[in-house]
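In: sharing a model that was predicted from the sequence below.
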Amino acid sequence: MITYDKIQLKNGLTVIANRDRASRMAAVNLLYKVGARNESPTRTGLAHLFEHLMFRGTHQVPDFDTPVQMACGENNAFTNNDYTDFYITLPTANIETALWLESDRMTGLNLSAEAIEIEKRVVVEEFRQRYLNQPYGDQNMLLRDMVYTTHPYRWATIGLTPEHIEQATAEEIRDFYQRFYHPSNAILSVSADIEAQEVFELAEKWFGNIEDKPYAIPAIAPEPAQTAARRKEVERDVPATTITIAFQMGERLSRDFFLGDMTSDLLAGGDSARLYERLIKRKRLFASTNAYISGDLDRGMFVFTGQLLPSTSEADAEAAIWEEIADLQAGNISEYEIEKVKNKFEANTLFGELNVMNKAMNMGYYEMIGDLPLINREVEIYRSLSAADVADFSSRIFRPENASTLIYRAAK
(Lines give C-alpha, C1' and ligand atoms only; values in the text may rest on other atoms or scores of the structure.)
Protein backbone atom coordinates (compact mmCIF):
# COMPACT_ATOMS: atom_id res chain seq x y z
CA MET A 1 0.00 0.00 0.00
CA ILE A 2 1.26 3.46 -0.90
CA THR A 3 0.56 6.10 1.74
CA TYR A 4 0.45 9.69 0.59
CA ASP A 5 -0.62 13.23 1.42
CA LYS A 6 -1.83 15.75 -1.12
CA ILE A 7 -2.26 19.51 -1.30
CA GLN A 8 -2.81 22.11 -3.97
CA LEU A 9 -0.79 25.31 -4.03
CA LYS A 10 -2.54 28.63 -4.54
CA ASN A 11 -1.38 28.71 -8.14
CA GLY A 12 -3.10 25.37 -8.83
CA LEU A 13 -0.10 23.01 -8.70
CA THR A 14 -1.08 19.64 -7.23
CA VAL A 15 1.59 18.22 -4.90
CA ILE A 16 1.59 14.60 -3.65
CA ALA A 17 4.08 13.25 -1.12
CA ASN A 18 4.92 9.71 -0.07
CA ARG A 19 7.37 9.05 2.76
CA ASP A 20 9.63 6.05 2.06
CA ARG A 21 11.72 5.49 5.17
CA ALA A 22 13.69 2.66 3.55
CA SER A 23 15.18 4.65 0.69
CA ARG A 24 18.12 7.03 0.58
CA MET A 25 17.03 8.19 -2.84
CA ALA A 26 14.36 10.71 -3.72
CA ALA A 27 12.14 10.52 -6.78
CA VAL A 28 10.68 13.74 -8.15
CA ASN A 29 8.04 13.33 -10.85
CA LEU A 30 6.40 16.21 -12.69
CA LEU A 31 3.47 15.26 -14.90
CA TYR A 32 1.89 17.70 -17.33
CA LYS A 33 -1.63 16.98 -18.46
CA VAL A 34 -0.82 17.36 -22.13
CA GLY A 35 -0.32 14.69 -24.77
CA ALA A 36 -1.08 14.01 -28.39
CA ARG A 37 -4.80 14.23 -27.53
CA ASN A 38 -4.40 18.00 -27.05
CA GLU A 39 -3.08 18.66 -30.54
CA SER A 40 -4.85 19.91 -33.64
CA PRO A 41 -5.17 17.33 -36.43
CA THR A 42 -3.41 19.86 -38.67
CA ARG A 43 -0.47 20.32 -36.29
CA THR A 44 0.39 17.04 -34.58
CA GLY A 45 3.55 16.00 -32.77
CA LEU A 46 3.93 19.13 -30.62
CA ALA A 47 3.61 17.33 -27.28
CA HIS A 48 6.46 15.01 -28.26
CA LEU A 49 8.49 17.97 -29.55
CA PHE A 50 8.17 19.60 -26.14
CA GLU A 51 9.51 16.52 -24.42
CA HIS A 52 12.70 17.26 -26.37
CA LEU A 53 12.59 21.02 -25.91
CA MET A 54 12.34 20.69 -22.13
CA PHE A 55 15.90 19.34 -22.12
CA ARG A 56 17.30 22.18 -24.23
CA GLY A 57 17.90 24.26 -21.13
CA THR A 58 16.51 27.53 -19.87
CA HIS A 59 17.71 31.13 -19.79
CA GLN A 60 19.03 30.48 -16.26
CA VAL A 61 20.32 26.91 -16.76
CA PRO A 62 21.59 26.42 -20.34
CA ASP A 63 22.40 22.73 -19.79
CA PHE A 64 19.75 20.78 -17.88
CA ASP A 65 21.69 17.53 -17.50
CA THR A 66 24.85 18.92 -15.87
CA PRO A 67 23.25 20.02 -12.55
CA VAL A 68 21.43 16.67 -12.35
CA GLN A 69 24.67 14.77 -12.82
CA MET A 70 26.48 16.98 -10.32
CA ALA A 71 23.77 16.08 -7.80
CA CYS A 72 24.42 12.37 -8.53
CA GLY A 73 21.03 12.07 -10.19
CA GLU A 74 19.43 10.64 -13.31
CA ASN A 75 16.56 12.07 -15.31
CA ASN A 76 14.37 11.22 -18.26
CA ALA A 77 10.91 11.77 -19.71
CA PHE A 78 8.24 10.28 -21.95
CA THR A 79 5.18 11.44 -23.84
CA ASN A 80 2.04 9.52 -24.76
CA ASN A 81 -1.42 10.36 -26.04
CA ASP A 82 -2.67 11.52 -22.63
CA TYR A 83 0.21 13.19 -20.77
CA THR A 84 3.91 14.09 -20.62
CA ASP A 85 6.03 12.94 -17.70
CA PHE A 86 9.42 14.17 -16.44
CA TYR A 87 11.27 12.40 -13.64
CA ILE A 88 14.48 12.70 -11.66
CA THR A 89 16.02 10.36 -9.08
CA LEU A 90 18.82 11.61 -6.85
CA PRO A 91 20.06 11.36 -3.25
CA THR A 92 17.48 12.68 -0.81
CA ALA A 93 19.85 15.37 0.44
CA ASN A 94 19.93 16.85 -3.09
CA ILE A 95 16.19 16.94 -3.70
CA GLU A 96 16.12 20.71 -4.04
CA THR A 97 18.27 20.47 -7.15
CA ALA A 98 15.43 18.59 -8.85
CA LEU A 99 12.76 21.02 -7.63
CA TRP A 100 14.85 24.01 -8.71
CA LEU A 101 15.39 22.60 -12.20
CA GLU A 102 11.76 21.61 -12.72
CA SER A 103 10.39 24.93 -11.50
CA ASP A 104 12.87 26.79 -13.70
CA ARG A 105 11.88 25.02 -16.91
CA MET A 106 8.18 25.39 -16.13
CA THR A 107 8.56 29.09 -16.87
CA GLY A 108 11.99 29.87 -18.31
CA LEU A 109 12.39 27.39 -21.15
CA ASN A 110 14.74 28.45 -23.92
CA LEU A 111 12.47 28.74 -26.93
CA SER A 112 14.83 30.70 -29.13
CA ALA A 113 14.57 30.22 -32.87
CA GLU A 114 17.85 28.27 -32.82
CA ALA A 115 16.74 25.89 -30.03
CA ILE A 116 13.41 25.25 -31.74
CA GLU A 117 14.98 24.51 -35.12
CA ILE A 118 17.52 22.10 -33.63
CA GLU A 119 14.88 20.03 -31.83
CA LYS A 120 12.52 20.12 -34.79
CA ARG A 121 15.24 18.51 -36.91
CA VAL A 122 15.86 15.88 -34.19
CA VAL A 123 12.17 14.96 -33.98
CA VAL A 124 11.69 14.87 -37.75
CA GLU A 125 14.71 12.57 -38.08
CA GLU A 126 13.29 10.35 -35.31
CA PHE A 127 9.97 10.20 -37.18
CA ARG A 128 11.65 9.11 -40.38
CA GLN A 129 14.04 6.62 -38.82
CA ARG A 130 11.67 4.93 -36.36
CA TYR A 131 8.35 5.14 -38.18
CA LEU A 132 8.85 5.62 -41.91
CA ASN A 133 12.14 3.84 -42.66
CA GLN A 134 11.99 0.96 -40.17
CA PRO A 135 10.30 -2.38 -40.81
CA TYR A 136 6.77 -2.36 -39.33
CA GLY A 137 7.36 1.26 -38.26
CA ASP A 138 4.02 2.56 -39.53
CA GLN A 139 1.97 -0.44 -38.37
CA ASN A 140 0.64 1.19 -35.20
CA MET A 141 -0.06 4.41 -37.07
CA LEU A 142 -2.19 2.55 -39.62
CA LEU A 143 -4.01 0.68 -36.84
CA ARG A 144 -4.87 3.81 -34.88
CA ASP A 145 -6.23 5.47 -37.98
CA MET A 146 -8.57 2.49 -38.47
CA VAL A 147 -9.83 2.21 -34.88
CA TYR A 148 -10.41 5.94 -34.38
CA THR A 149 -12.28 8.15 -36.81
CA THR A 150 -12.75 11.38 -34.84
CA HIS A 151 -10.83 11.17 -31.56
CA PRO A 152 -7.20 12.45 -31.46
CA TYR A 153 -6.08 8.93 -30.52
CA ARG A 154 -6.17 8.32 -34.28
CA TRP A 155 -2.60 9.61 -34.49
CA ALA A 156 0.41 8.31 -32.61
CA THR A 157 2.41 10.46 -30.21
CA ILE A 158 4.99 11.15 -32.92
CA GLY A 159 2.23 12.75 -35.03
CA LEU A 160 0.53 12.18 -38.35
CA THR A 161 3.33 13.40 -40.60
CA PRO A 162 6.80 14.96 -40.15
CA GLU A 163 5.60 17.97 -42.14
CA HIS A 164 3.50 19.06 -39.16
CA ILE A 165 6.67 19.57 -37.10
CA GLU A 166 8.69 20.96 -40.01
CA GLN A 167 6.05 23.60 -40.68
CA ALA A 168 5.30 24.51 -37.05
CA THR A 169 6.12 28.16 -36.44
CA ALA A 170 7.97 29.51 -33.41
CA GLU A 171 4.77 31.35 -32.48
CA GLU A 172 2.73 28.12 -32.50
CA ILE A 173 5.33 26.36 -30.38
CA ARG A 174 5.55 29.17 -27.81
CA ASP A 175 1.75 29.28 -27.65
CA PHE A 176 1.69 25.51 -26.91
CA TYR A 177 4.11 26.09 -24.02
CA GLN A 178 1.97 28.87 -22.55
CA ARG A 179 -1.22 26.84 -22.80
CA PHE A 180 -0.04 23.60 -21.22
CA TYR A 181 3.12 24.15 -19.17
CA HIS A 182 1.89 25.98 -16.10
CA PRO A 183 1.12 25.05 -12.46
CA SER A 184 -2.58 24.20 -12.65
CA ASN A 185 -1.93 21.78 -15.52
CA ALA A 186 0.81 19.92 -13.63
CA ILE A 187 1.14 17.33 -10.86
CA LEU A 188 4.27 17.18 -8.72
CA SER A 189 4.72 13.86 -6.92
CA VAL A 190 7.61 12.99 -4.60
CA SER A 191 8.65 9.76 -2.92
CA ALA A 192 11.53 10.03 -0.44
CA ASP A 193 12.42 9.72 3.23
CA ILE A 194 11.03 13.19 3.87
CA GLU A 195 7.97 14.22 5.88
CA ALA A 196 5.06 15.28 3.69
CA GLN A 197 4.95 18.72 5.28
CA GLU A 198 8.56 19.33 4.33
CA VAL A 199 7.82 18.29 0.75
CA PHE A 200 4.93 20.75 0.66
CA GLU A 201 7.13 23.53 2.02
CA LEU A 202 9.79 22.83 -0.59
CA ALA A 203 7.15 22.79 -3.32
CA GLU A 204 5.91 26.17 -2.10
CA LYS A 205 9.47 27.49 -2.03
CA TRP A 206 10.27 26.51 -5.60
CA PHE A 207 6.89 26.62 -7.34
CA GLY A 208 4.68 28.86 -5.18
CA ASN A 209 5.72 32.11 -6.85
CA ILE A 210 5.05 30.88 -10.36
CA GLU A 211 2.08 32.70 -11.79
CA ASP A 212 -0.58 30.45 -13.24
CA LYS A 213 -2.05 31.30 -16.60
CA PRO A 214 -4.88 28.80 -16.97
CA TYR A 215 -6.14 27.96 -20.42
CA ALA A 216 -9.55 26.44 -21.06
CA ILE A 217 -8.67 23.11 -22.65
CA PRO A 218 -11.38 22.16 -25.14
CA ALA A 219 -13.39 19.06 -24.33
CA ILE A 220 -12.72 16.06 -26.55
CA ALA A 221 -15.79 14.34 -27.94
CA PRO A 222 -15.89 10.57 -27.32
CA GLU A 223 -15.05 8.29 -30.22
CA PRO A 224 -18.30 6.92 -31.66
CA ALA A 225 -18.88 3.24 -31.02
CA GLN A 226 -17.81 1.12 -33.97
CA THR A 227 -20.76 -0.54 -35.73
CA ALA A 228 -19.18 -2.18 -38.77
CA ALA A 229 -16.03 -4.21 -39.37
CA ARG A 230 -13.05 -2.33 -40.79
CA ARG A 231 -10.25 -3.85 -42.80
CA LYS A 232 -7.04 -2.65 -44.39
CA GLU A 233 -4.39 -4.56 -46.32
CA VAL A 234 -1.00 -3.08 -47.11
CA GLU A 235 2.21 -4.43 -48.59
CA ARG A 236 5.60 -3.46 -47.20
CA ASP A 237 9.23 -4.49 -47.48
CA VAL A 238 9.22 -6.56 -44.28
CA PRO A 239 10.47 -10.09 -43.51
CA ALA A 240 7.09 -11.58 -42.57
CA THR A 241 3.38 -10.85 -42.79
CA THR A 242 1.59 -9.81 -39.61
CA ILE A 243 -2.10 -9.84 -38.78
CA THR A 244 -3.51 -7.43 -36.23
CA ILE A 245 -7.11 -7.29 -35.02
CA ALA A 246 -8.07 -4.39 -32.76
CA PHE A 247 -11.30 -3.81 -30.85
CA GLN A 248 -12.59 -0.66 -29.18
CA MET A 249 -12.93 -1.14 -25.42
CA GLY A 250 -13.72 0.85 -22.28
CA GLU A 251 -11.88 3.88 -20.92
CA ARG A 252 -9.23 3.72 -18.19
CA LEU A 253 -11.59 4.09 -15.24
CA SER A 254 -14.17 1.59 -16.46
CA ARG A 255 -14.48 -1.96 -15.17
CA ASP A 256 -13.79 -3.13 -18.71
CA PHE A 257 -10.25 -1.77 -18.46
CA PHE A 258 -9.44 -4.26 -15.72
CA LEU A 259 -11.22 -7.07 -17.54
CA GLY A 260 -9.32 -6.23 -20.72
CA ASP A 261 -6.02 -6.18 -18.87
CA MET A 262 -6.77 -9.54 -17.25
CA THR A 263 -7.84 -11.04 -20.58
CA SER A 264 -4.68 -9.83 -22.34
CA ASP A 265 -2.54 -11.39 -19.60
CA LEU A 266 -4.47 -14.65 -19.82
CA LEU A 267 -3.80 -14.71 -23.57
CA ALA A 268 -0.23 -13.41 -23.73
CA GLY A 269 1.25 -13.14 -20.24
CA GLY A 270 4.32 -15.26 -20.88
CA ASP A 271 5.31 -18.53 -22.53
CA SER A 272 2.67 -20.52 -20.65
CA ALA A 273 -0.17 -18.25 -21.82
CA ARG A 274 -2.76 -19.33 -24.38
CA LEU A 275 -1.53 -17.70 -27.58
CA TYR A 276 2.03 -18.98 -27.21
CA GLU A 277 0.99 -22.46 -26.15
CA ARG A 278 -1.69 -22.92 -28.78
CA LEU A 279 -0.77 -20.84 -31.82
CA ILE A 280 3.01 -21.08 -31.69
CA LYS A 281 3.89 -24.36 -29.97
CA ARG A 282 0.88 -26.53 -30.79
CA LYS A 283 -0.47 -25.32 -34.15
CA ARG A 284 2.81 -23.77 -35.41
CA LEU A 285 1.02 -20.95 -37.21
CA PHE A 286 2.88 -17.93 -35.86
CA ALA A 287 6.47 -16.97 -35.16
CA SER A 288 5.29 -14.58 -32.46
CA THR A 289 1.97 -13.48 -30.96
CA ASN A 290 0.73 -10.87 -28.53
CA ALA A 291 -2.43 -9.45 -26.99
CA TYR A 292 -2.46 -6.13 -25.18
CA ILE A 293 -4.55 -3.13 -24.27
CA SER A 294 -3.62 0.47 -25.03
CA GLY A 295 -4.58 1.72 -21.55
CA ASP A 296 -5.71 5.12 -22.80
CA LEU A 297 -7.60 7.59 -20.64
CA ASP A 298 -10.57 7.56 -23.04
CA ARG A 299 -11.94 4.64 -25.03
CA GLY A 300 -9.01 2.33 -25.68
CA MET A 301 -7.99 -0.60 -27.85
CA PHE A 302 -7.68 -4.31 -27.23
CA VAL A 303 -5.20 -5.67 -29.77
CA PHE A 304 -4.41 -9.18 -31.01
CA THR A 305 -1.35 -9.41 -33.22
CA GLY A 306 0.81 -12.14 -34.67
CA GLN A 307 3.66 -12.62 -37.13
CA LEU A 308 2.98 -15.48 -39.52
CA LEU A 309 5.34 -18.32 -40.31
CA PRO A 310 6.14 -18.64 -44.05
CA SER A 311 4.01 -21.80 -44.28
CA THR A 312 0.91 -20.19 -42.74
CA SER A 313 -1.83 -18.71 -44.89
CA GLU A 314 -3.42 -15.42 -43.88
CA ALA A 315 -6.82 -17.09 -43.76
CA ASP A 316 -5.64 -19.81 -41.38
CA ALA A 317 -3.90 -17.32 -39.11
CA GLU A 318 -6.90 -15.02 -38.91
CA ALA A 319 -9.25 -17.96 -38.28
CA ALA A 320 -6.99 -19.17 -35.46
CA ILE A 321 -7.26 -15.84 -33.65
CA TRP A 322 -11.04 -15.91 -33.91
CA GLU A 323 -11.05 -19.49 -32.59
CA GLU A 324 -9.22 -18.29 -29.48
CA ILE A 325 -11.77 -15.52 -29.12
CA ALA A 326 -14.65 -17.99 -29.43
CA ASP A 327 -13.08 -20.17 -26.74
CA LEU A 328 -13.02 -17.23 -24.34
CA GLN A 329 -16.60 -16.30 -25.18
CA ALA A 330 -17.70 -19.87 -24.48
CA GLY A 331 -16.29 -19.55 -20.97
CA ASN A 332 -13.61 -22.19 -21.36
CA ILE A 333 -11.41 -20.55 -18.74
CA SER A 334 -10.03 -22.45 -15.78
CA GLU A 335 -9.81 -21.08 -12.27
CA TYR A 336 -6.11 -21.93 -12.37
CA GLU A 337 -5.56 -19.56 -15.31
CA ILE A 338 -7.47 -16.76 -13.61
CA GLU A 339 -5.66 -17.22 -10.31
CA LYS A 340 -2.29 -17.22 -12.04
CA VAL A 341 -3.04 -13.86 -13.68
CA LYS A 342 -4.26 -12.39 -10.40
CA ASN A 343 -1.17 -13.57 -8.53
CA LYS A 344 1.11 -12.14 -11.20
CA PHE A 345 -0.61 -8.75 -11.06
CA GLU A 346 -0.46 -8.64 -7.26
CA ALA A 347 3.22 -9.60 -7.24
CA ASN A 348 4.09 -6.96 -9.83
CA THR A 349 2.18 -4.36 -7.85
CA LEU A 350 3.98 -5.22 -4.62
CA PHE A 351 7.41 -5.23 -6.26
CA GLY A 352 6.62 -1.90 -7.91
CA GLU A 353 5.92 -0.35 -4.53
CA LEU A 354 9.51 -1.03 -3.44
CA ASN A 355 10.87 1.55 -5.89
CA VAL A 356 10.61 5.27 -5.11
CA MET A 357 10.47 6.20 -8.78
CA ASN A 358 7.60 3.81 -9.45
CA LYS A 359 5.69 5.28 -6.52
CA ALA A 360 6.27 8.90 -7.51
CA MET A 361 5.34 8.20 -11.11
CA ASN A 362 2.25 6.20 -10.19
CA MET A 363 0.97 8.84 -7.78
CA GLY A 364 1.14 11.42 -10.56
CA TYR A 365 -0.52 9.07 -13.01
CA TYR A 366 -3.46 8.09 -10.81
CA GLU A 367 -4.06 11.73 -9.89
CA MET A 368 -4.04 12.56 -13.61
CA ILE A 369 -6.68 9.94 -14.46
CA GLY A 370 -8.87 11.37 -11.70
CA ASP A 371 -8.77 8.70 -9.00
CA LEU A 372 -5.64 8.83 -6.83
CA PRO A 373 -7.04 6.34 -4.24
CA LEU A 374 -7.27 3.76 -7.04
CA ILE A 375 -3.52 3.32 -6.66
CA ASN A 376 -4.30 1.16 -3.60
CA ARG A 377 -7.50 -0.50 -4.85
CA GLU A 378 -6.46 -2.16 -8.07
CA VAL A 379 -5.36 -5.46 -6.55
CA GLU A 380 -8.74 -5.72 -4.85
CA ILE A 381 -10.49 -5.02 -8.16
CA TYR A 382 -8.49 -7.71 -9.95
CA ARG A 383 -9.21 -10.15 -7.14
CA SER A 384 -12.95 -9.56 -7.64
CA LEU A 385 -12.92 -10.59 -11.32
CA SER A 386 -13.99 -14.07 -12.38
CA ALA A 387 -13.79 -16.36 -15.39
CA ALA A 388 -17.43 -15.54 -16.10
CA ASP A 389 -16.55 -11.83 -16.16
CA VAL A 390 -13.81 -12.48 -18.72
CA ALA A 391 -16.20 -14.49 -20.89
CA ASP A 392 -18.79 -11.70 -20.71
CA PHE A 393 -16.15 -9.07 -21.59
CA SER A 394 -15.01 -11.18 -24.54
CA SER A 395 -18.57 -11.56 -25.81
CA ARG A 396 -19.27 -7.83 -25.59
CA ILE A 397 -15.97 -6.54 -26.98
CA PHE A 398 -14.68 -9.14 -29.44
CA ARG A 399 -17.49 -8.77 -31.94
CA PRO A 400 -16.91 -8.78 -35.72
CA GLU A 401 -18.58 -5.40 -36.12
CA ASN A 402 -16.20 -3.96 -33.50
CA ALA A 403 -13.10 -5.37 -35.21
CA SER A 404 -10.46 -3.47 -37.21
CA THR A 405 -8.25 -5.93 -39.05
CA LEU A 406 -4.90 -4.92 -40.50
CA ILE A 407 -3.08 -7.30 -42.85
CA TYR A 408 0.51 -6.05 -43.02
CA ARG A 409 1.76 -8.16 -45.88
CA ALA A 410 5.38 -8.93 -46.71
CA ALA A 411 6.16 -7.90 -50.29
CA LYS A 412 6.91 -10.84 -52.58
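Out: Looks like it came in fine.
In: rest of the way, CA atoms for contacts and neighbours
Out: Fine.
In: all strands for the stretch 301-412 of the chain, in order.
Out: Using DSSP state E, counting those that start in this stretch, the strands found in the stretch 301-412 of the chain span residues 403-410.
In: helices along that one, start to end?
Out: Using DSSP state H, counting those that start in this stretch, the helices of the stretch 301-412 of the chain run over residues 314-329, 335-352, 356-369, 378-384, 387-397.
In: how about those helices in a markdown table, adding mean neighbour count and mean pLDDT?
Out: Output for those, formatted as a markdown table (neighbours: other CA atoms under 10 Å; pLDDT from 0 to 100):
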| stretch | mean neighbour count | mean pLDDT |
| --- | --- | --- |
| helix 314-329 | 16 | 98 |
| helix 335-352 | 15 | 94 |
| helix 356-369 | 22 | 97 |
| helix 378-384 | 15 | 96 |
| helix 387-397 | 18 | 98 |
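In: which one of these lies closest to residue 170?
Out: Closest to residue 170 of the helices of the stretch 301-412 of the chain, according to CA to CA: helix 356-369, at 28.7 Å.
In: where are the low-confidence patches of the stretch 1-150 of the chain?
Out: By pLDDT under 70, the stretch 1-150 of the chain contains no weakly predicted segment.
In: how about the strands in it?
Out: 5-8, 14-19, 25-32, 74-79, 84-91.
In: of those strands, which is nearest residue 336?
Out: Each of the strands of the stretch 1-150 of the chain has some distance to residue 336 by CA to CA; the shortest is strand 14-19, at 35.7 Å.
In: picking that back up, mind putting the strands of the stretch 1-150 of the chain into a markdown table with mean neighbour count?
Out: Listed next are the strands of the stretch 1-150 of the chain as a markdown table, based on neighbours: other CA atoms under 10 Å:
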| stretch | mean neighbour count |
| --- | --- |
| strand 5-8 | 16 |
| strand 14-19 | 24 |
| strand 25-32 | 27 |
| strand 74-79 | 16 |
| strand 84-91 | 22 |
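In: what about residue 1, neighbour count?
Out: Neighbour count for residue 1, taken as other CA atoms under 10 Å: 9.
In: pretty sure it sits against residue 352.
Out: No: because the distance of 10.5 Å does not satisfy CA atoms under 8 Å, residue 1 is recorded as not touching residue 352.
In: spatially nearest residue to residue 239, not counting backbone neighbours?
Out: Using CA to CA, 6 or more residues apart in numbering and skipping the chain neighbours, the partner closest in space to residue 239 is residue 410 (6.1 Å).
In: show me what contacts the one you found?
Out: Residue 410 is in contact with 235-241, counting by CA atoms under 8 Å, 6 or more residues apart in numbering.
In: which residues does stretch 3-18 contact?
Out: 2, 19, 183-192, 196, 199-200, 203-204, 207-212, 359-360, 363-364.
In: ok, now how distant is the residue nearest the centre of the chain from residue 18?
Out: The chain has residue 80 as the residue nearest its centroid, 4.9 Å off, counting by CA atoms, centre = their mean. Distance of residue 80 to residue 18, given as CA to CA, to the nearest Å: 25 Å.
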